[in-house]
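Peer 1: here you go, sequence then predicted model.
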Amino acid sequence: MFQKYLRLCTEKVIHGINIGTMELANLRQSVFTPEFILLGLIEQDESIVYKVLQEATNDPVKMADSITEKIYAVQPKNDVPPDSMNITLSPDVEKLFEIALDETKKFNDKYISTGSLFLAFFNPSIQPSSTILYDSGLRYNECKDILANIKNGMTMDSRDSESREDVLKVYGSDLTELAQLDKLDPVVGRETEIARIIEILARRTKNNPIIIGQPGVGKTVLVEGLAHLISSSKVPETLLNKKLLQIDMTQLTAGAKFKGEFEERIKNLVNSLINSQGKVISFIDDIHTLVDVNGGGNLRAIDMLKPALARGQIQLIGTTSTEIYKKTFEKDKTLSRRFQPIKLEEPSVDETIKILNGLKPKYEKYHKIKYTNEAIEAAARMSQRYINDRYSPDKAVDLMDEAGAKKHLYLITIPPEVQDLEKEKTSIRRAQTDAFVKNKIEEVVDYQKKINKIEKKLTELKTKWTESKNKADNSITEEDIAEVISRSTGIPINKIVETESEKLKLMEEKLHNRIIGQDAPIIAVSNAIRRNRAGLKDANRPIGAFLFLGPTGVGKTELAKALAEFLFDDENKIIRLDMSEYMEKHSISKMIGSPPGYVGYDEGGQLTERVRRSPYSIILLDEIEKAHEDVFNILLQIFDEGRLTDSQGATISFRNCIIIGTSNLGSTHIFDVDKRIGFSDNRDENKSYELIREKILEETKKFFKPEFLNRIDDLIVFHQLQMEHIVAISELLIGRLRDKIESVGYSIQISDEAKAKLSELGYSPEFGARPLRRVIENYIENPISLKIISHEINKGDVIKIELKDDKIIVNK
């Protein structure tokens, strides 16, 4: 008869019976009575019985120990170990399970749980267990009410039902509990997005939010913000008293070696969530991992969640990146229908500053330092400008954290002189020990005198160090943030800390150091950029949009590089597109990416992807007049709104870019004017430039549509270079060559006559400064390279470049 009850017991009850049999053997008893089962129930940690004792008494462990002692006390003494074959079952055990079955029916359970079985022990017919429980201060009605609250409507409909709550504890962590314990960082801002999550959770169907955004924008923190609101009861009534449980996917998959084991875990997890009766909202970070993980055969983990999601039996919050959402969820329509997407954009610099200020107390307490307001602003601003492969606020928080760690380590590092003395003291101690072993007492005394002197010195140094440490400035400043940036990016710290206002005042001067003979273009570009920085321009548009016009070789591309170096501290921050490659209608897909179904869809566009990765850049559109008219339509949107949507639906911001188009339109008119006026005589050069400018602008306005030209900040016509400009440019190029030669261990001297000859050979009104570069390569670099390879010139030699018989000669 007892076997029929065992078939109706949960796994926890069976485990309790097994513990009881071990207690029976320990106490050398031969009759298995209900008291041993009671021992098996109260000895199970984290069981329902343990929770009942926890609610009923102040100290559940003490109560369990008291019950155990009383059960031990009523057992008859037996010094002879019983034969296992002679162990008998007390009739009271069957009676106990009959009562437990009645208790089970009161809770509408199908299986006898440890809770129902525990209540059966209060029945007066179960002696001495009933008396022991009452004598311990426990009461049936109180324990029954506690059990009902713990179960909270959960029914025992399978043998593993009682273990389901354990499943949630093993594979998840309660974020609401962590928020109550102040173990989660505060969440600043994002009120709109959190409100949207609450709205979706309050829906009757399709009430599963999925947060989509780039890594580091705060998707996980958004869910933690919801946990803060739930824990502080600042949510609607529908979410009050709910648990927000983060599922650990690594824990769920770890160790699942045998076929069907992983599916069983998923099934148990889903059943546990269903039986929570809506009291648990599950959260899976990087939910796309469920799509990638397979169970047996072709069944994916996410497929096992679909039925429960479709019926609304469980609520699930997920996070994933924009790219992965498109690759996985959007392709699976039955899956994407179950979720409501929430797009989380990267915060602005101002929003990042607010977030950092909210986190500041936590980091100050951890690192035992103080952050100045300037440091917080610098972390947000510099991370946005110099760290392009990551997203805010994560990259700004990392800057703040690393600067704090660096300062704290500096303050607690033991001075080198103290470390040296400690090493010396240790060495003397060893020598003293050796002398003592060898019974050299005089040496032992001498060593002790030295040790006493060192200890005195150490005491003085440590006192000074402690005093200086207490007086030391533990504040994190803008310079500390800049130092972290400099170390990770390689940009000199003086460039990082230089204020933008100081740079912009000297913009023309800095550009003139690199660009020769183009005063008007430099002034026009500088004025446009200063207008933008002063806030006199639409903040939603790019920093500047210019059209550089003029013949080849006059410095259009060089000015773009100079602007990149000046504004972004790196001349390679140029996204260069040859518009001759965009002459066909379909070539627009190269810029924004291929449409779905075409080759290269996952790769992104040549323009949009590069701007996404490097938002602070110069975009150089070479020979822009050759582009297809549909490309101009794309550019109109960029010029007007400062953003563009790529083929994958991601919005790319161009607000921190400078867009420069170059064109040779109207360049032929330069030589017409040259023939009429002449550049080589002493006539008014300004008049000739104005005539050239007028002709080029006239040609440009004929070619480009008005709506395109109206969105350009300035049409900048470059001067044709004159001989004096070529001479100055040759000085620049020779200076760069000198730096390269000196970097490999040689010196160079160039006579004035040789410089003049190089300028003469490199001057071409038609091709500008381009021939000069080739002349320097042919007449200087090539001969020097040949002499170095043939060992005619050795390291440390001075290379002399002179003019003899109207020829450039290279000697050492």
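Peer 2: It's in.

Peer 1: rest of the way, CA atoms for contacts and neighbours
Peer 2: OK.

Peer 1: and stretch 86-100, what's buried?
Peer 2: D92, V93, E94, K95, L96, F97, E98, I99, A100 (16 or more other CA atoms under 10 Å).

Peer 1: pLDDT wise, what is the nearest residue to the third one once chain neighbours are set aside at?
Peer 2: Which is E94. What sits nearest to E94 in space, not counting adjacent residues and going by CA to CA, 6 or more residues apart in numbering, is F2, at 5.9 Å. As predicted, F2 sits at a pLDDT of 71.

Peer 1: residues near F2, how many?
Peer 2: 13 (other CA atoms under 10 Å).

Peer 1: columns distance to E724 on top of the buried residues of stretch 86-100, output as TSV?
Peer 2: As requested, these are exported to TSV (distance: CA to CA, whole Å):
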residue	distance to E724
D92	115
V93	112
E94	113
K95	114
L96	111
F97	109
E98	111
I99	110
A100	106
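
Peer 1: so who does the residue nearest to the spatial centre of the chain touch?
Peer 2: The residue lying closest to the centre of the chain (CA atoms, centre = their mean) is G216, at 3.4 Å. Residues in contact with G216 (CA atoms under 8 Å, 6 or more residues apart in numbering) are R390, Y391, S392, P393, D394, K395.

Peer 1: from L239, how far off is I274?
Peer 2: 16 Å (CA to CA, to the nearest Å).

Peer 1: oops, could you answer that again for A560 instead?
Peer 2: 56 Å.

Peer 1: try P765
Peer 2: From P765 to L239 the distance is 77 Å (CA to CA).

Peer 1: before we move on, the earlier item: now render the contacts of G216 as CSV, adding secondary structure.
Peer 2: Converted to CSV, those look like this (DSSP: H, G, I helix; E, B strand; the rest coil):
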residue, secondary structure
R390, coil
Y391, coil
S392, coil
P393, coil
D394, helix
K395, helix
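
Peer 1: about what we covered before: same list, the buried residues of stretch 86-100, but as TSV with secondary structure please.
Peer 2: Below are the buried residues of stretch 86-100 laid out as TSV (three-state DSSP):
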residue	secondary structure
D92	helix
V93	helix
E94	helix
K95	helix
L96	helix
F97	helix
E98	helix
I99	helix
A100	helix
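
Peer 1: for the protein, what's the longest helix?
Peer 2: Identified as the longest helix of the chain according to DSSP state H is helix 441-471.

Peer 1: buried residues in that helix?
Peer 2: Buried residues in helix 441-471, defined by neighbour count with 16+ other CA under 10 Å: V444, Y447, I451, I454, L458, L461, W465.

Peer 1: against which helices or strands is the helix or strand just after it packed?
Peer 2: Note on helix 441-471: by DSSP states H and E, the next helix or strand toward the C-terminus is strand 475-476. In this structure, strand 475-476 packs against strand 370-371, helix 394-412, with contacts taken as 3 or more CA pairs under 8 Å, 6 or more residues apart in numbering; DSSP states H and E.

Peer 1: where does pLDDT dip in the stretch 651-800 of the chain?
Peer 2: 667-687 (pLDDT under 70).

Peer 1: show me the strands in it, by range?
Peer 2: 651-653, 658-663, 714-717, 747-750, 798-804 (DSSP state E, counting those that start in this stretch).

Peer 1: off-centre distance for the shortest one?
Peer 2: When you say that, I think you mean strand 651-653. 19 Å (CA atoms, centre = their mean, to the nearest Å).

Peer 1: if I look at the closest residue to Y371 other than its chain neighbours, what pLDDT would I see?
Peer 2: Spatial nearest neighbour of Y371, chain neighbours left out: I476 (4.7 Å); criterion: CA to CA, 6+ apart. With respect to pLDDT, I476 scores 89.

Peer 1: quick one, what contacts P393?
Peer 2: G216, V217, G218, E346, P347, T352, I355, L356, A380.

Peer 1: with neighbour numbers in mind, choose between A560 and L239.
Peer 2: Using other CA under 10 Å, the more surrounded residue of A560 and L239 is A560, with 23 against 20.

Peer 1: now do the phi/psi pair for the residue nearest to the centre of the chain.
Peer 2: Dihedral angles of G216 (phi, psi; degrees, to the nearest 10) stand at phi 100, psi 0.

Peer 1: and the helices and strands packed on strand 475-476 as CSV, adding distance to G642, mean neighbour count and mean pLDDT?
Peer 2: Listed next are the helices and strands packed on strand 475-476 as CSV, based on distance: least, CA to CA, whole Å; neighbours: other CA atoms under 10 Å; pLDDT from 0 to 100:
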stretch, distance to G642, mean neighbour count, mean pLDDT
strand 370-371, 34, 20, 92
helix 394-412, 23, 19, 89
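
Peer 1: of these, which is nearest I230?
Peer 2: helix 394-412 (24.5 Å; CA to CA).

Peer 1: which helices and strands sit right next to the closest one?
Peer 2: Counting contacts by 3+ CA pairs under 8 Å, 6+ apart, helix 394-412 packs against helix 349-367, helix 373-386, strand 475-476, helix 478-489.

Peer 1: so for K243, which of those sits nearest?
Peer 2: Nearest of these (CA to CA): helix 349-367, 24.6 Å.

Peer 1: tell me the angle the closest one makes with helix 394-412.
Peer 2: Interaxial angle, helix 349-367 versus helix 394-412 (axes from the mean of the first three to the mean of the last three CA atoms, to 10 degrees): 30 degrees.

Peer 1: thinking in terms of the whole chain, how far from its middle is helix 349-367?
Peer 2: 16 Å.

Peer 1: packing partners of that helix?
Peer 2: So helix 349-367, by 3+ CA pairs under 8 Å, 6+ apart, packs with strand 370-371, helix 373-386, helix 394-412.

Peer 1: residues making contact with it?
Peer 2: So helix 349-367 is contacted by 185-189, 370-371, 376-377, 380-381, 384, 392-393, 396-397, 401, 404-405, 408 (CA under 8 Å, 6+ apart).

Peer 1: buried ones in it?
Peer 2: Here helix 349-367 shows 349, 351-357, 359-360, 363-364, 367 as buried, counting by 16+ other CA under 10 Å.

Peer 1: that one vs helix 373-386, what angle?
Peer 2: Using the same axes, to 10 degrees: helix 349-367 against helix 373-386 is 120 degrees.

Peer 1: with just CA atoms, put helix 349-367 into CSV.
Peer 2: Coordinates of each C-alpha in helix 349-367 appear next as CSV, following Å, rounded to 0.1, in the frame of the first residue of the first chain:
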residue,chain,number,x,y,z
VAL,A,349,27.1,64.1,-25.0
ASP,A,350,24.8,66.1,-22.7
GLU,A,351,22.8,63.0,-21.8
THR,A,352,26.1,61.0,-21.2
ILE,A,353,27.2,63.8,-18.8
LYS,A,354,24.0,63.3,-16.8
ILE,A,355,24.5,59.5,-16.7
LEU,A,356,28.1,59.9,-15.5
ASN,A,357,27.0,62.3,-12.8
GLY,A,358,24.5,59.7,-11.6
LEU,A,359,27.2,57.0,-11.5
LYS,A,360,29.8,59.3,-9.9
PRO,A,361,29.1,58.5,-6.2
LYS,A,362,29.5,54.8,-6.8
TYR,A,363,32.8,55.2,-8.5
GLU,A,364,34.1,57.7,-6.0
LYS,A,365,33.2,55.4,-3.1
TYR,A,366,34.9,52.4,-4.9
HIS,A,367,38.2,54.2,-5.9
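
Peer 1: what's the mean pLDDT across that helix?
Peer 2: 91.

Peer 1: what does stretch 456-472 give?
Peer 2: For stretch 456-472, the per-residue pLDDT averages 78.

Peer 1: likewise stretch 223-240?
Peer 2: The model assigns stretch 223-240 a mean pLDDT of 90.

Peer 1: how about that stretch as PDB, C-alpha atoms only?
Peer 2: Coordinates of the C-alpha atoms in stretch 223-240 are reproduced here as PDB (Å, rounded to 0.1, in the frame of the first residue of the first chain):
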ATOM      1  CA  VAL A 223      16.100  46.600 -17.600                       C
ATOM      2  CA  GLU A 224      17.900  47.300 -14.300                       C
ATOM      3  CA  GLY A 225      16.100  50.600 -14.300                       C
ATOM      4  CA  LEU A 226      12.800  48.700 -14.400                       C
ATOM      5  CA  ALA A 227      14.000  46.600 -11.500                       C
ATOM      6  CA  HIS A 228      14.700  49.700  -9.500                       C
ATOM      7  CA  LEU A 229      11.100  51.000 -10.200                       C
ATOM      8  CA  ILE A 230       9.500  47.600  -9.300                       C
ATOM      9  CA  SER A 231      11.500  47.300  -6.100                       C
ATOM     10  CA  SER A 232      10.500  50.800  -5.000                       C
ATOM     11  CA  SER A 233       6.900  50.300  -6.000                       C
ATOM     12  CA  LYS A 234       7.000  53.100  -8.600                       C
ATOM     13  CA  VAL A 235       5.200  51.100 -11.200                       C
ATOM     14  CA  PRO A 236       1.600  50.500 -12.200                       C
ATOM     15  CA  GLU A 237      -0.500  48.000 -10.100                       C
ATOM     16  CA  THR A 238       0.000  45.400 -12.900                       C
ATOM     17  CA  LEU A 239       3.700  45.200 -12.100                       C
ATOM     18  CA  LEU A 240       3.600  45.500  -8.300                       C
END
